[in-house]
Each structure stands twice: as C-alpha cells, then as structure tokens.
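Peer 1: sequence first, predicted model second:
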Amino acid sequence: MKNVSTAGIAAAIFASLTWSMNFVAPFVIGDYSIFDLAACRFLLSGLIGIAILIASADQCRQLTLQDWFAAAGLAFIGYVGYFLTVMIAAVYAGPVIPPAFLGLVPVVLAIAGNYRGRSISWLPLLIPLALAATGLLLVNGSSIVQAEVQREKSLVIGIAFAIAAVALWTWFRIANQSALLKRPHMDARVWTALMMIGGSIQTLAFLPIGYGMSLFRAPEIGLGFGAINNLYLPAFMLAAVASIGGAWAWTIASQRLPVALTGQLLMTEIVFATCFGLMVRHRWPTLAESIGIMLLVLGVVMAINAFHSQRQDQSIVR
C-alpha cells in the first residue's frame, strides 16, 4: 500500500479547493456562456502548458510518443469529454440535478479505488463512506427537492449524461493514477502540461462544432477589452489555478496516496463549493446543509485516520 503522506493529503485538498472554483464561475461571466468560458480556459491552459514544457526542456527530451497520447487521452476523459457531458446534462435536466449526481463521484471513486487496489479492508471504510454519502445527500437534497419538474424524457436524458459524467470523472481518476504508476519518475508539472496541451488541441477541434450549434455568445457580445472582466480574467484564473494548479496538485496526490483515499479527500471539493456558493448568494447555510458539511468533513477525517492506522499496523507486522 502507498504511504499516507502529509504532502499527498495536502495536495489532494488543495486540488479540491481549486476545482470548487468551477461552481462559482457561472456567477461571474455576465452574458457570456459557460461554453465561452470553457473554450477560453482550455486554450489558455494549453498555452500555460507549452510554457511549462519550454521551461522543462531537459525533461521533455525524455518524453515518448506514448506519453503524449496517454496524456491526451486523459485530457479528453477528464476535461473535454467530462465538460461536454456535464453541459448536456445541465441542458436537459437543469442546473440542479447534475451537480447532485456529480457529488457522488468521491464515493464512487473511493469504492472503485479500494475494490481495484485493495488498499485497506472494507470494514474501516464503511462508516466514513456512510457519513460522507449522508452528508452529500443533505447538502444536495434540498436543491433536488426544490428543482422544477421537467418533461420526463428530457429529465431521463439529462440524468443519463450526468451518470456518464460521473463515469468519466471516476475513470479519469483511476486511469490517471495507473498511468503515473507506469511512469514513477514523471515530473508532476510536465505531466500536467501534457494533459493541458492535449485538452487545448481538442478544444480547438471542438470550436467549429460549438459555433455551428450556436453554443458560443462571445462572437456576438465581443472579444475586445470589454471581455476582460467577465471572460478573460475568469478564464485565466480557472486555467492557472483550477486546471494547471489543480491537475498538478492532483498528480502529486496520485503519486503519493491510494485511489480510495484520494476519493475520500475529493469530498472536500463539495464542502468548498458549497461554501463558495453560499458566499456568492449572500446567505448562511440551512440546518441540513450545515449538518451535511460536518458529516462530510467527519467522514474525510475518519477515512484519513483509517488509512493511517492501516499503515501503522502494517509497519508493526513488518
């Protein structure tokens, strides 16, 4: 079993913090669409990735064609493909239900990771997972109840794509860790840059398709200086902090922690996202939300303790 390092735990929590910014982004882009923001973000991420590779020229010479293809595949699974499924889910099921389904990702990832890697026996994980699942239900439950009832067919399509997004996100987490296990000496910055460049190229390929589907509003609103505050600045922040910073931190966590534990730590993203969302809406959490957040945090703390205890037990046996 991998060592439960403090650096890995801190990196996973930092990644969750940066990714929680995605839930606040729609509130700061004004009349621009989320597709405008995403396209600008992924293109900027690719440019930053190129700068990282230039600065790491010595390590880049050791990269193989397989490294580039593996990173590009992960970029599609975890960024471009995931983003498209989330957006389609939101179009058909509304803005409330898809995020609630995505809140299940940490639980699914923890179960899948432990089933695949057998990092720890199931018994110590049962209570943390139960607490986290209950917390997620409380945090998202009120929103689901308040959601408007839509046409049955539309809702089914939306939920199907939300489930597909959960599957892609879980697949990315496990596949990324497997790819890094095959590359134990891979620099986290270089690997992050490869994924961002791959996602940027895929975004360029999607631009004419998205334009034909009238998904972008930027050509009508304008791409000049007026777009700085509502488009370029948020896109740059997400590219530098959430895409590059989050992926870099998660790569470090993936190199140092078992998948099952990183899945539990990913639950802090929901906590951060809920807190940011409450700040944007200028309100305090409800009683259910407060209890849900506390249960989420308690579940994560208990999971960390369970893995730490398992590590100590193994050390004693040795």
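Peer 2: Noted; the coordinates are in hand.
Peer 1: burial check on the residue nearest to L168 when sequence neighbours are not counted, number of neighbours?
Peer 2: Of all residues not flanking L168 in the chain, Y82 sits nearest, at 4.6 Å (C-beta to C-beta, 6 or more residues apart in numbering). The way it works is simple: take the backbone N, C-alpha and C, and place the C-beta from them, glycine included. Counted by other C-beta atoms under 10 Å, the residues lying close to Y82 total 21.
Peer 1: for Y82, what are its contacts?
Peer 2: By C-beta atoms under 8 Å, 6 or more residues apart in numbering, the contact set of Y82 is A165, L168, W169, F172.
Peer 1: closest one of those residues to A130?
Peer 2: If you rank those by distance to A130 using C-beta to C-beta, W169 comes first, at 21.5 Å.
Peer 1: wait, that closest one sits on V105?
Peer 2: Yes. At 5.0 Å, W169 counts as touching V105 under the criterion of C-beta atoms under 8 Å.
Peer 1: buried residues in the helix or strand harbouring T274?
Peer 2: Per DSSP states H and E, T274 falls inside helix 268-281. Within helix 268-281, the residues that count as buried by 16 or more other C-beta atoms under 10 Å are T268, E269, I270, V271, F272, A273, T274, F276, G277.
Peer 1: now swap in stretch 172-179 and tell me
Peer 2: Buried positions in stretch 172-179, judged by neighbour count with 16+ other C-beta under 10 Å: F172, R173, I174, N176, Q177, A179.
Peer 1: C-alpha coordinates for it, PDB please?
Peer 2: Provided in PDB are the C-alpha atoms of stretch 172-179 (Å, rounded to 0.1, in the frame of the first residue of the first chain):
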ATOM      1  CA  PHE A 172     -10.100   9.700 -15.300                       C
ATOM      2  CA  ARG A 173      -9.000   9.500 -11.600                       C
ATOM      3  CA  ILE A 174      -8.200   5.800 -11.800                       C
ATOM      4  CA  ALA A 175      -6.700   5.900 -15.300                       C
ATOM      5  CA  ASN A 176      -4.500   8.900 -14.400                       C
ATOM      6  CA  GLN A 177      -3.100   7.000 -11.300                       C
ATOM      7  CA  SER A 178      -2.500   3.900 -13.400                       C
ATOM      8  CA  ALA A 179      -0.600   5.900 -16.000                       C
END
